[in-house]
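J.: Here's a sequence, model it:
(one chain, ligands or ions: 1)
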Amino acid sequence: MKISYLGPKGTFTKMAVDALFPDEKAYSYATIPQCMDAVANGEMDYCVVPVENTIEGTVPITMDYLIHQVKLPIIGEIVIPIRQHLLTNRKLALHDIEAVYSHSHAIAQCHQFLHTQLPQAATHATSSTGTAAEMVAGMEEPAAAIGNELAAKEFGLTILREDIHDYANNHTRFFVLAKQETNVPATIGSGDQRKTSLYVTLPHDYAGALHQVLAAFAWRKINMSKIESRPMKTGLGNYFFIMDVSCEAEDILFQGVQKELAALGCNLTVLGSYPIHAYKEKAGANL
Ligand SMILES: O=C(O)C(=O)C[C@]1(C(=O)O)C=C[C@@H](O)C=C1
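T.: As a prediction, the model looks like this:
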């Protein structure tokens, strides 16, 4: 089994891969779209991609690429705790740090820390937190990376400040994508708890359109755990809606929703029905 993930080493995505596929070979790619392409073109069996963070919300590149570019079913989900640390290649005083490197989502999770503790430092977005750690490891100038303990270990960095994310409850949700709906690998979980992700486009803009969509789920008592609007990229004000619901796409009630929305002229596309992996933090792990 081959799994692609956002590399190089020491990324949060790698932590998710290690939890989901402890015994499989994982291959690092430089970007999230490259991870997905590798599954679409058959190089890899699965990819693990970040989709949503407690502090910063959706990872737009993942959802946009999944919906507009590659059609890969979601076959699993994992949520892992995120601890952001300030990493340097030597002992430095905070006021001497001139630049901070990290993934844009990691920088966004630490805005307040950067604003109050490192006002002099320029921030630079990198393709992942692992890339930032790798870059900072080789720098002469006083710079820091934002990343996890795994990255500190992999690249021999010092943790100058621990837990610099602005809100204590910091978690990121990851999807497992496959080329087609398959038997889900046992480590992802067969789970009693399952979800379906989908998106809905409205036929046109009219009063109560979204209300009608929501009502189709509501009166069938299908619980919706997330709804988000994303631009259709066709013109200002044109949006579609991504939703997560707590049932299977095969559920008779869900099929009723599909029929009702079709009758209203809406388009409902299922992105996947999948189990939720129960993440267990390793005892003593500082991750
Ligand atoms: O850069 C990493 O370490 C990643 O795995 C990417 C990513 C993300 O895109 O949200 C994953 C988890 C954290 O929220 C920060 C960054």
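J.: F217 touches I227, doesn't it?
T.: No: judged on Cβ atoms under 8 Å, F217 makes no contact with I227 at a distance of 9.6 Å. Bear in mind the C-beta positions are built from the backbone N, C-alpha and C, glycine included.
J.: okay, and the common contacts of the two?
T.: Residues within reach of F217 and of I227 at once, by Cβ atoms under 8 Å, 6 or more residues apart in numbering, are M243.
J.: and those two? which has more neighbours close in?
T.: Between F217 and I227, F217 has the larger neighbour count (other Cβ atoms under 10 Å), namely 21 against 15.
J.: contact partners of the helix or strand hosting the more buried one?
T.: In this assignment (DSSP states H and E), F217 forms part of helix 209-218. Residues outside helix 209-218 that contact it (Cβ under 8 Å, 6+ apart): 200, 202-203, 224, 227, 241, 243, 245, 256-257, 260-261, 264, 266.
J.: Buried ones among these?
T.: For the contacts of helix 209-218, a burial check counting by 16 or more other Cβ atoms under 10 Å picks out V200, L202, F241, M243, V245, V257, E260, L261, C266.
J.: how close does the closest residue to the second one other than its chain neighbours sit to the ligand?
T.: Nearest in space to L202, with sequence neighbours left out and distances taken as Cβ to Cβ, 6 or more residues apart in numbering, is A209 at 4.7 Å. Applying Cβ to the nearest ligand atom, to the nearest Å, the value for A209 to the ligand is 32 Å.
J.: okay, now A209: neighbour count?
T.: Neighbours around A209, by other Cβ under 10 Å: 15.
J.: got the residues of the protein near the ligand?
T.: 6, 11-13, 50, 53, 59, 82, 103, 105-106, 128-130, 172 (Cβ under 6 Å from any ligand atom).
J.: can you give me the strands in the stretch 151-287 of the chain?
T.: Counting by DSSP state E, counting those that start in this stretch, the stretch 151-287 of the chain has strands at residues 158-161, 171-178, 194-201, 224-231, 239-245, 267-277.
J.: Tabulate these in TSV, adding columns for mean pLDDT.
T.: Below are the strands of the stretch 151-287 of the chain laid out as TSV (pLDDT from 0 to 100):
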stretch	mean pLDDT
strand 158-161	98
strand 171-178	97
strand 194-201	96
strand 224-231	96
strand 239-245	97
strand 267-277	95
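J.: Quickly compare those and say which is most buried.
T.: Between these, strand 171-178 has the highest mean count of neighbours, a mean of 24, where neighbours are mean count of other Cβ atoms under 10 Å.
J.: ok, residues contacting it?
T.: 12-13, 16, 20, 36, 39, 45-54, 62, 66, 72-82, 188, 272, 274.
J.: angle of that strand against strand 194-201?
T.: If you take axes from the mean of the first three to the mean of the last three Cα atoms, to 10 degrees, strand 171-178 sits at 80 degrees to strand 194-201.
J.: Just want the angle from strand 171-178 to strand 239-245.
T.: Using the same axes, to 10 degrees: strand 171-178 against strand 239-245 is 90 degrees.
J.: Adjacent strands (with direction) for strand 171-178?
T.: Looking at strand 171-178 with DSSP bridges, its partner strands are strand 46-53 (antiparallel), strand 74-81 (antiparallel).
J.: which residues does I242 bridge with?
T.: In this entry, I242 is beta-bridged to Y199, E228, by DSSP bridges.
J.: That one touches Y199, doesn't it?
T.: Yes: with contact defined as Cβ under 8 Å, I242 reaches Y199; the gap is 4.8 Å.
J.: shared neighbours of the two, anything?
T.: I67, R230, L271.
J.: JSON lines for those residues, including distance to E162?
T.: Shown next, in JSON lines, are the shared contacts of I242 and Y199 (distance: Cβ to Cβ, whole Å):
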{"residue": "I67", "distance to E162": "37"}
{"residue": "R230", "distance to E162": "35"}
{"residue": "L271", "distance to E162": "36"}
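J.: any idea how far the closest residue to I82 other than its chain neighbours is from G7?
T.: In space, and not counting its chain neighbours, I82 is closest to N170: 4.4 Å by Cβ to Cβ, 6+ apart. Distance check for N170 against G7: by Cβ to Cβ, to the nearest Å, it reads 22 Å.
J.: Those two: which is more packed in?
T.: In this view N170 and G7 are compared by other Cβ under 10 Å, and G7 has more residues nearby, 22 against 18.
J.: Assign the residue nearest to that one when sequence neighbours are not counted to one of the three secondary structure states.
T.: Distances taken as Cβ to Cβ, 6+ apart put S28 closest to G7, at 2.3 Å, once the chain neighbours are dropped. Secondary structure of S28, reduced to three states by DSSP: H, G, I helix; E, B strand; the rest coil: strand.
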